[in-house]
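Visitor: below are the sequence and a predicted model for it; my questions follow.
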Amino acid sequence: MTATSSHPYRVLAVLISFAVALAAFLLLRGAEPAVPAAGPAPGTAAARAAGSLDAEIARLQDTVRAAPRAAAPQVALASAYLEQARATADPGLYARADALLRAVLATRPGDADALVASAGLALSRHDFRRGLALAQRARAARPGALAALPPLVDALVELGRFGAAERTLQRLIDAKPTLAGYARVSYVRELRGDLDGAVAAMRRAVAAGGPTPESVAGVQALLGGLELARGDLAAAGAAQRAALAGVPGLPAAAAGRARLAAAGGDLDTAVRRWRALATRLPLPEYVIGLGEAQLAAGRTAAGRRELALVGAERRLAAGGVNVDAELAVFAADHGSPARALALARRAWRAAPGLRAADARGWALTRAGRPAAGLRWAERALALGSRDAVFRFHAGMAALAAGRAELGGAHLRAALAHGLGGWPWQAARARAALREARS
């Protein structure tokens, strides 16, 4: 299997999107926290297979207290904290993992397992340059091992070094195709606009299984996002329900179901789902989702009240998470274009990848410089992304720059590939298309 194509899947002929993603994708694609790397966790397989991450953390905490100088249990506990952070979206767990890993590396700077886990932590915090450096150190410390390859791929992608990322991913897939590898193949295909191939690879990731229920549920939630982008709402709903069956309350899947309700035109349900999630986890993505769904539903005062609360990014900052690109887009939409541009420039300096290019383009467009904004939007789309929000930003920039045909094409593509899950943006896209036709 190759990173960008495989039999019987269609070979993508042109360079032509994430989105997690973290988000993702990440987290959102996007981030959306990153898909878990195949990191070490000695002695944890049995408990994790039983689905008890909390119990495993408690056991590891006892082990660390009993043997405070042993490196392996500390690395295992740090890895478990990172996995729990991915499942709960609680950035406070990053500080716990960080303390453990720094203690190990202070006495054993070449410990490959600690370096891999530290790279994963840096990536979860969106510190992609540090994540790359740590993954490279881990690779050098243990050249034949595969554990450093997933975080290495993630860092290279987010830093815009796509050729190196694909070559590294190919080595991982050739050596050992697993959930971690297939999920990254899916991401690369998505970045290149191959949604069918991305879905196929993500289904393989689900079928491969993982060391924990959280890892499998995470890729099922990502699969739901891809199915939404393909316009298959039934398949998207099935994937998100499967994710929640594996890990009840999984934030990524709960957010996915809110977007699905909006895409299906049920804004009341979308608002209800966003409210439940934002009340439980008042992180920027979820508060923004709630506020924008309320705006789209005509509840203007309530939407503005929610959006005024997006100072909740302080909770992420407390865990050391860099959300400049996300906040730049938010400020461009609902706040100060000048602040949006400052944040976007800072995001680009930190990680010159697709998300930062999109944020910078949208900030420029909203600041009254749509021609410059369109140039940056086209950088975000350089690989052929079908990401609905990227396309929306490009379309609005093109229209404002007097490129009506191009703008219409981008907006129609955005609406065809899941922009309905972002109902405030979708309403603006439809209004802009109507105005362009009149």
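Guide: All right, it came through fine.

Visitor: how many neighbouring residues does Asp174 have?
Guide: 12 (other C-beta atoms under 10 Å). C-beta: built from backbone N, CA, C; applies to glycine.

Visitor: end to end, how far does stretch 184-203 reach?
Guide: End-to-end distance for stretch 184-203: 12 Å, by C-alpha to C-alpha, to the nearest Å.

Visitor: so Arg96 is in contact with Ser79, correct?
Guide: No. Under the criterion of C-beta atoms under 8 Å, Arg96 makes no contact with Ser79, lying 11.5 Å away.

Visitor: what about those two, which has more around it?
Guide: Ser79 (27 against 19).

Visitor: SS state for that one?
Guide: Three-state call for Ser79 (DSSP: H, G, I helix; E, B strand; the rest coil): helix.

Visitor: how about the helices in the stretch 101-250 of the chain?
Guide: Assigned by DSSP state H, counting those that start in this stretch, the stretch 101-250 of the chain shows helices spanning 112-124, 128-141, 149-158, 162-175, 179-191, 195-208, 213-230, 233-246.

Visitor: so can I have CSV of the ones you listed showing distance to Ala363?
Guide: Listed next are the helices of the stretch 101-250 of the chain as CSV, based on distance: least, C-beta to C-beta, whole Å:
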stretch, distance to Ala363
helix 112-124, 24
helix 128-141, 20
helix 149-158, 19
helix 162-175, 23
helix 179-191, 22
helix 195-208, 27
helix 213-230, 24
helix 233-246, 30
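
Visitor: just for the stretch 1-150 of the chain, where's the confidence low?
Guide: Within the stretch 1-150 of the chain, the segments meeting pLDDT under 70 span 1-51.

Visitor: so which residues of it form strands?
Guide: Counting by DSSP state E, counting those that start in this stretch, the stretch 1-150 of the chain has no strands at all.

Visitor: where does the stretch 251-400 of the chain dip in pLDDT?
Guide: Checking the stretch 251-400 of the chain against pLDDT under 70 turns up 311-319.

Visitor: for it, which segments count as helices?
Guide: So, for the stretch 251-400 of the chain - with DSSP H, counting those that start in this stretch - the helices run 251-263, 267-280, 284-296, 300-307, 313-318, 324-334, 337-350, 354-366, 370-380, 388-400.

Visitor: so which of those is the most surrounded?
Guide: Ranked by mean neighbour count, the helices of the stretch 251-400 of the chain are led by helix 354-366 with a mean of 29 (mean count of other C-beta atoms under 10 Å).

Visitor: check which helices and strands that helix sits against.
Guide: Helix 354-366 sits against helix 324-334, helix 337-350, helix 370-380, helix 388-400, with contacts defined as 3 or more C-beta pairs under 8 Å, 6 or more residues apart in numbering; DSSP states H and E.

Visitor: centre of the chain to that helix, how far?
Guide: When distances are taken as C-alpha atoms, centre = their mean, to the nearest Å, helix 354-366 is centred 17 Å away from the chain's centroid.
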